[in-house]
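> 3D, please:
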Amino acid sequence: MSPETPDPQPRSGGAALELLVHGVGGATPQKMLDDPRTVRITGDETAAVYRRADDVDAELHPERYEGRPVPEAYCWSNLTSGNGSRALWLLLLPFMVINLAHWMRPATKGLGRSQRLYGVLVRLVALTLTVLLTAAACEVALDLTAWQCAGSARCVADRSWLGFLSPERGGWWSQPGRRLALAAVVPTALVVLLWYLSNRTWTAYEAQRPPTDGAPGTEGAPGTGEAPGIGEAPAAGEGGAASDDPVTVRPALGRPGFWYGRRLVARLRAAHTAAGFLTIAAALTAAATDHDRGTGGGPLDPLGPLLQVTQAGCAAVVLWVVCSRGRSERKRDGSLDKLLISALPATVLCVLALAVVHAAWSRPGWVSTGGLPGNLSFLVLALAQIALIVVLVVTAHVLHRRAPHRRVAMRGLGGPAVAMLACALGGVMTGGVAQRVADWLDGDATPGTGDGAIVGPPVLLSWQASVIPVLLVLLLVPVAVLGIRTVRAARRLAPQVEREYGEETADALRTRQVAGARATAELTDYAPRLVGTVSGASLLLGAGAVAGSWLSGQVPGEAARGTDSFIESVADTAQSIGSWLVGLGFLLFVTWGRRAYRDASARRTIGILWDVGTFWPRAAHPFAPPCYAERAVPDLTWRILSWTGRTGGRLVLSGHSQGSVLAAAAVWQLRSATRHRVALLTYGSPLERLYGRWFPAYFGAEQLRQLSTEVHCWRNLWRSTDPIGGPVRVPEDGDRPEVDRGPLKDPLAYGRTMLHPLPEPILGHSDYQADPVFAAERTALLDRLPPAAVPTQRTEKEAGKAAGAQRAQGSSGRSSA
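Here you go, the predicted model:
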């Protein structure tokens with residue numbers, strides 16, 4: 001803690017601005033500015049800068065603000081919780097998680113090839129998730145509905161809407177190939193929807209240009225070639241490495257092209273769209289070719305293998321596009337591979353059309369029995385994901401071992417662990433859809449047991465569902481351990497709480513409340529252990545499910561028949577509970593999505609998840625929810641540059657929670673001269689506690705230390721009751737004081753006092769401005785900034801125009817000042 005609280009009265013240093021940036025969950029400008037009358041200064045309905053109505057023309061009347069800065073609020077919550085279409089983003093949750101894994105590469109020194117391999121591996125895992133989602137749609141539409149149910153008289157009898165597909169009616173659609181061709185519309189529409197959402201958000205988010213382009217402020221950005229970023233080798237000096245270049249290398253988040261990923265997202269979108277179309281085409285061609293091979297001698301015999309060879313060639317092109325190029329960050333790369341991003345999906349779409357025609361060609365005597373022929377996609381995908389995760393674990397370990405740091409989560413294995421969780425989420429979502437549809441189509445029977453109208457989904461999905469109860473039982477152990485540890489920590493902290501407040505007559509209930517809040521906040525630091533347990537167990541259980549389905553060829557309950565009675569009961573119970581759980585998970589996704597579509601407050605709650613998960617650019621999966629920081633960071637940078645350039649004044653960038661991460665990213669993007677005119681005030685900040693531990697190559701100890709030297713001054717406030725924010729751990733350096741100030745008292749008063757006659761709340765992560773230390777530290781930062789360089793000179797005509805605009809718009813319009 002700082003030994004003394006700074007003088008709350010600032011010295012006069014000319015124009016001063018405090019730019020407030022809110023955190024997760026959003027905040028209204030009225031709440032941020034503590035005034036019901038606010039005016040939008042610049043921006044749109046999605047993200048904008050606001051001022052109090054009385055402060056619109058503050059630059060024209062500096063005498064009014066001698067003792068305080070002009071407050072401004074940057075509101076960006078609509079970037080993640082805007083209109084009802086945001087509810088569709090729930091379908092993209094696995095894609096968002098795998099994108100996080102892409103940015104969790106350990107900081108290292110050298111090992112450029114290993115770093116490139118890490119990026120390629122994560123992009124390949126992301127590609128398998130796209131194929132998995134498309135395969136699930138094919139399983140529901142092609143296999144369960146068109147092939148199994150429509151081909152079964154028992155199933156069609158209860159579903160008249162499938163009657164026109166029934167072989168008993170002998171209609172044009174009764175042939176299995178034509179039924180499959182018609183059902184292919186469903187997965188094709190899904191892929192088109194994903195492409196549309198990605199393209200729509202790409203034009204809105206990735207199109208925001210940063211204010212620099214390798215010119216002023218980008219000193220040290222070497223060359224103009226391919227930037228490392230994730231999946232590419234970083235420049236020397238990144239992640240704490242020393243540079244051979246005498247010119248200082250900018251941190252990764254300070255590169256001009258970091259927040260401008262149009263080119264890579266466009267390439268990946270083309271590749272993933274093509275992969276989705278190829279998955280559908282492969283399912284159609286495999287079924288038709290299997291029939292043609294069985295009959296033999298037909299004119300269609302050579303067409304199936306030819307189509308499969310063509311599809312294999314297109315798949316090789318998709319893999320080349322995914323693996324060949326990473327992000328371009330050292331300059332703002334505005335070029336687009338127009339031929340690739342248009343020709344690849346169009347070509348594969350033509351291949352899909354040929355596969356539809358090939359499958360729909362008349363084949364008298366073709367009857368659909370059992371499951372869809374050649375349907376091995378889930379098994380192949382599971383094996384591919386396990387292999388990729390294992391190689392990713394080895395690669396991450398090699399990278400971390402070169403430059404280890406004790407604060408890095410899971411010793412550098414956070415990325416592989418999160419990638420495994422993405423695969424598990426994808427499996428639960430896709431398996432849940434298939435299981436629920438199969439249960440619905442099979443009526444009272446249990447799919448996979450042979451006593452129903454349909455065979456059911458592939459047995460691997462039943463095995464994967466059956467391991468979920470086992471995983472939940474295993475999770476009880478670490479959860480119980482954390483619960484006991486929290487209770488013990490609260491008891492240990494109780495005497496310390498009473499000593500801090502100096503209470504001679506302590507209130508046991510009040511002490512337990514404060515100590516319990518501190519102990520609960522410490523649970524955040526145990527998240528790596530919990531994530532490691534879940535991901536490790538998921539990997540082992542997933543491998544066991546693949547082995548069990550492969551060796552037995554039956555669902556777990558049937559595979560256990562004839563063994564010990566205890567094993568039979570456990571297998572049946574796991575299968576039943578697992579099927580119910582994946583179905584429940586699917587229903588919860590649908591329910592949350594529907595509620596989020598209709599209810600703005602629910603949309604904001606779900607938006608908190610996106611606030612954390614979509615900070616990073618889409619570097620691994622183009623169908624992930626868009627990166628709001630690609631709009632927010634340029635917004636903040638432009639505002640800081642324009643205000644300081646126009647007024648020459650002092651600016652305090654004040655960020656709370658996730659807003660502090662945006663503030664740090666914006667500071668890194670500023671020109672050198674501007675950075676040294678900016679003070680940074682962060683509070684409730686996850687910069688080191690979350691981002692520094694999980695994303696060490698971008699927010700590690702060396703990067704945060706460098707940030708403290710690039711801004712004129714920085715102060716970070718934190719509380720021990722805060723479960724999200726914490727210290728940034730940047731020590732005193734020469735004439736620069738320690739960045740951290742804390743832990744602050746929370747609550748402000750232990751009991752009732754003359755200043756606090758009513759009980760004070762435990763604030764935790766919120767309301768840092770309520771602490772008098774906040775105003776004092778903000779004033780100290782303003783005092784440390786150099787005086788305004790160039791006073792603002794406005795003509796009477798400009799002043800009259802601004803004042804007239806304010807009078808015309810009232811308290812709710814947009815200012816032109």
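
> drop to CA atoms for contacts and neighbour counts, all remaining ones
Fine.

> Quick check: chain neighbours aside, which residue is closest to the one residue sitting closest to the centre of the chain?
Centroid-nearest residue in the chain: G613, 2.6 Å away (criterion: CA atoms, centre = their mean). Take G613 and drop its neighbours on the chain: the residue closest to it by CA to CA, 6 or more residues apart in numbering is M96, 6.5 Å away.

> which element is that neighbour on?
If you go by DSSP states H and E, M96 is part of helix 93-102.

> buried sites along that helix?
93-102 (16 or more other CA atoms under 10 Å).

> And the helix or strand following that helix, what does it pack against?
Sequence order places helix 112-138 as the next helix or strand after helix 93-102, per DSSP H and E. Counting contacts by 3 or more CA pairs under 8 Å, 6 or more residues apart in numbering; DSSP states H and E, helix 112-138 packs against helix 93-102, helix 185-204, helix 262-295, helix 303-324, helix 377-402, helix 414-442.

> Out of those, which gets nearest to D572?
Set against D572 and scored by CA to CA, the helices and strands packed on helix 112-138 come closest in helix 414-442, at 15.7 Å.

> Buried residues, that closest one. List them.
Buried-residue list, helix 414-442, by 16+ other CA under 10 Å: 414-439, 441-442.

> ok, now stretch 101-115?
101-110, 112, 114-115.

> Could you export that stretch as PDB, CA atoms only?
Extracted in PDB, the C-alpha atoms of stretch 101-115 (Å, rounded to 0.1, in the frame of the first residue of the first chain):
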ATOM      1  CA  ALA A 101      -6.800 -21.500 -26.800                       C
ATOM      2  CA  HIS A 102      -5.200 -20.000 -29.800                       C
ATOM      3  CA  TRP A 103      -4.100 -17.000 -27.700                       C
ATOM      4  CA  MET A 104      -2.900 -19.000 -24.700                       C
ATOM      5  CA  ARG A 105       0.500 -19.900 -26.200                       C
ATOM      6  CA  PRO A 106       3.200 -19.800 -23.500                       C
ATOM      7  CA  ALA A 107       5.700 -16.900 -23.700                       C
ATOM      8  CA  THR A 108       9.000 -18.200 -24.800                       C
ATOM      9  CA  LYS A 109      12.400 -17.300 -26.300                       C
ATOM     10  CA  GLY A 110      13.000 -18.400 -29.900                       C
ATOM     11  CA  LEU A 111      11.600 -21.700 -31.000                       C
ATOM     12  CA  GLY A 112       9.900 -20.100 -34.000                       C
ATOM     13  CA  ARG A 113       9.000 -23.400 -35.600                       C
ATOM     14  CA  SER A 114       7.300 -24.700 -32.400                       C
ATOM     15  CA  GLN A 115       5.400 -21.500 -32.100                       C
END
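
> So for that stretch, mean pLDDT?
If you average the pLDDT over stretch 101-115, you get 91.

> what does stretch 524-532 give?
93.

> what ranges do the strands span in this protein?
Assigned by DSSP state E, the chain shows strands spanning 16-21, 38-43, 48-52, 70-75, 650-656, 678-683, 713-719, 740-744.

> now what about the third one, what contacts it?
So that's strand 48-52. 29, 33, 35, 37-43, 71-76 (CA atoms under 8 Å, 6 or more residues apart in numbering).

> Count the residues that sit near the nearest residue to H756 once chain neighbours are set aside.
Of all residues not flanking H756 in the chain, A749 sits nearest, at 6.9 Å (CA to CA, 6+ apart). Number of residues near A749 (other CA atoms under 10 Å) recorded here: 17.

> surely A749 meets L758?
No: using CA atoms under 8 Å, A749 is not in contact with L758; the gap is 9.5 Å.

> pretty sure H712 is in contact with A673, am I right?
No: using CA under 8 Å, H712 is not in contact with A673; the gap is 10.1 Å.

> between the two, which one's more packed in?
Neighbour tally, H712 and A673, criterion other CA under 10 Å: the higher count belongs to H712, 19 against 12.

> residues in contact with the more buried one?
With contact taken as CA under 8 Å, 6+ apart, H712 is in contact with 675-679, 785.

> Please convert those residues to CSV, extending it with pLDDT, distance to P528 and neighbour count.
What follows is the contacts of H712, written out as CSV (pLDDT from 0 to 100; distance: CA to CA, whole Å; neighbours: other CA atoms under 10 Å):
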residue, pLDDT, distance to P528, neighbour count
R675, 89, 34, 24
H676, 86, 36, 18
R677, 88, 38, 23
V678, 93, 34, 27
A679, 95, 32, 27
L785, 89, 39, 20
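
> So which of those is the closest to P364?
Proximity of the contacts of H712 to P364 (CA to CA) peaks at R675, which lies at 74.9 Å.

> got the contact list for the residue nearest to the closest one when sequence neighbours are not counted?
For R675, ignoring the flanking residues on the chain, the nearest one in space by CA to CA, 6+ apart is V711 at 5.1 Å. By CA under 8 Å, 6+ apart, the residues touching V711 are 667, 675-680.

> Just want the phi and psi numbers for V711.
The phi/psi pair for V711 (degrees, to the nearest 10) reads phi -90, psi 160.

> give me every residue that touches the residue nearest to H756.
501, 756, 759-760.

> With distance to D572, pLDDT and neighbour count added, can I get those in TSV?
Output for the contacts of A749, formatted as TSV (distance: CA to CA, whole Å; pLDDT from 0 to 100; neighbours: other CA atoms under 10 Å):
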residue	distance to D572	pLDDT	neighbour count
Y501	57	86	15
H756	61	84	12
P759	55	87	14
E760	54	90	15
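
> just checking, which of the residues you listed belong to helices?
Y501 (DSSP state H).

> how about the contacts of A749 in TSV, adding distance to P626?
Shown next, in TSV, are the contacts of A749 (distance: CA to CA, whole Å):
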residue	distance to P626
Y501	46
H756	45
P759	43
E760	40
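
> just the contacts of A749 now: which is nearest C323?
Nearest member of the contacts of A749 to C323, counting by CA to CA, is E760, at 56.1 Å.

> tell me the contacts of that closest one?
747-751.

> So which of the strands of the chain is the most surrounded?
Most buried of the strands of the chain, by mean neighbour count (mean count of other CA atoms under 10 Å): strand 678-683, with a mean of 28.

> and that one, how far out from the chain's middle?
25 Å (CA atoms, centre = their mean, to the nearest Å).

> Listing partners with orientation, what would you give for that strand?
According to DSSP bridges, strand 678-683 forms sheet pairs with strand 650-656 (parallel), strand 713-719 (parallel).

> Can you tell me how far V667 is from P167?
67 Å (CA to CA, to the nearest Å).

> okay, these two: which has more neighbours?
Ranked by neighbour count (other CA under 10 Å), V667 and P167 place V667 first, with 27 against 20.

> phi, psi of the residue nearest to H756?
phi -140, psi 140.

> Ok, K109 next?
phi -120, psi 120.

> one step back: which among the contacts of strand 48-52 gets closest to L509?
L33 (35.1 Å).

> Would you check that the closest one makes contact with A73?
Yes: under the contact definition of CA under 8 Å, L33 touches A73, with a separation of 6.8 Å.

> what sits against A384?
T128.

> Tell me the confidence at it?
96.

> State the distance from it to L121.
11 Å.

> Could you do F378 as well?
For F378, the distance to L121 - CA to CA - is 19 Å.

> go on, P106?
Relative to L121, and taking CA to CA, P106 is found at 14 Å.

> contacting residues around the nearest residue to S342 once chain neighbours are set aside?
With sequence-adjacent residues excluded and distances taken as CA to CA, 6+ apart, S342 is closest to A270, at 7.2 Å. Shown in contact with A270 (CA under 8 Å, 6+ apart): 340-342, 344-345.

> can you pull the pLDDT of A521?
For A521, pLDDT reads 94.

> what sits against the closest residue in space to it that isn't next to it in sequence?
In this structure, A521 finds its nearest non-sequential neighbour in P723, 3.9 Å apart by CA to CA, 6+ apart. By CA under 8 Å, 6+ apart, the contact list for P723 reads 520-524, 764-765.

> A409 now?
528, 693-694.

> Could you report the pLDDT at G326?
On the pLDDT scale, G326 gets 70.

> now it: how far from L93?
On the measure of CA to CA, G326 and L93 end up 22 Å apart.
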